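Q: Kindly return the folded structure for what I paste below:
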Amino acid sequence: MQMANETVTYYHLDDDGNAVSRTVISGASWYAHTVATVSNKSVSLGKVIQCRIPVENTRCFSPHEDDMLVLGDCDAPIGTNDADLRGTYNAVTISAVHDNRRGQGAHWKLEAV
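A: Residues are numbered from 1 along each chain as shown. You can find the predicted model right below:
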């Protein structure tokens, strides 16, 4: 996969929002863009992340919604809660997981906010 030159850290969280496992993945793509939401009185801006992880760069990897990603090799310890991951380490929460592991260019596509 072209442009898969980033390192990301994936944190699997338990039901209480605490990290129970940490996986560092080399060879991912990370794309951030801004989206606008318009209501009748205001405009809200938010950041959306698309992260693609080629299958050949992972082993026994099964991402889940509501887990977290950090751009880079993050050293937050197991047990860190989701608020600290977001506030201290700029983690984003996975909102959608797309399993694109069939055919050429097999990869996981993760969308996060």
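Q: hey, let's count contacts and neighbours off CA atoms from now on
A: Will do.
Q: Now do Ala19: how many residues are near it, please.
A: For Ala19, the neighbour count with other CA atoms under 10 Å is 22.
Q: beta partners for it?
A: Beta-bridge partners recorded for Ala19 (DSSP bridges): Leu13.
Q: contacting residues around it?
A: Applying CA atoms under 8 Å, 6 or more residues apart in numbering, we find Ala19 in contact with Tyr11, His12, Leu13, Pro77, Ile78, Gly79, Thr80, Asn81, Asp82.
Q: can you rerun that using 10 Å?
A: Counting by CA atoms under 10 Å, 6 or more residues apart in numbering, Ala19 makes contact with 10-13, 67-68, 76-82, 85.
Q: Extract the residue ranges of the protein that are flagged as low pLDDT.
A: 1-2 (pLDDT under 70).
Q: where exactly do the strands run in it?
A: With strands called from DSSP state E, the chain shows them at 6-13, 19-38, 43-54, 68-71, 92-100, 107-112.
Q: out of these, deepest packed?
A: Highest mean neighbour count among those (mean count of other CA atoms under 10 Å): strand 68-71, with a mean of 24.
Q: Report the distance from that strand to the chain centre.
A: 5 Å (CA atoms, centre = their mean, to the nearest Å).
Q: just checking, what packs against that strand?
A: strand 6-13, strand 19-38, strand 43-54, helix 82-89, strand 92-100, strand 107-112 (3 or more CA pairs under 10 Å, 6 or more residues apart in numbering; DSSP states H and E).
Q: Nearest to Gly72, out of these?
A: For Gly72, the closest of the helices and strands packed on strand 68-71 is strand 6-13, at 4.7 Å, according to CA to CA.
Q: With just CA atoms, put the closest one into CSV.
A: Only the C-alpha atoms of strand 6-13 are listed here, as CSV (Å, rounded to 0.1, in the frame of the first residue of the first chain):
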residue,chain,number,x,y,z
GLU,A,6,3.5,5.9,9.7
THR,A,7,3.7,4.1,13.0
VAL,A,8,0.5,3.9,15.0
THR,A,9,-0.3,2.5,18.5
TYR,A,10,-3.6,0.7,19.0
TYR,A,11,-5.1,0.4,22.4
HIS,A,12,-7.8,-2.1,23.1
LEU,A,13,-10.1,-0.9,26.0
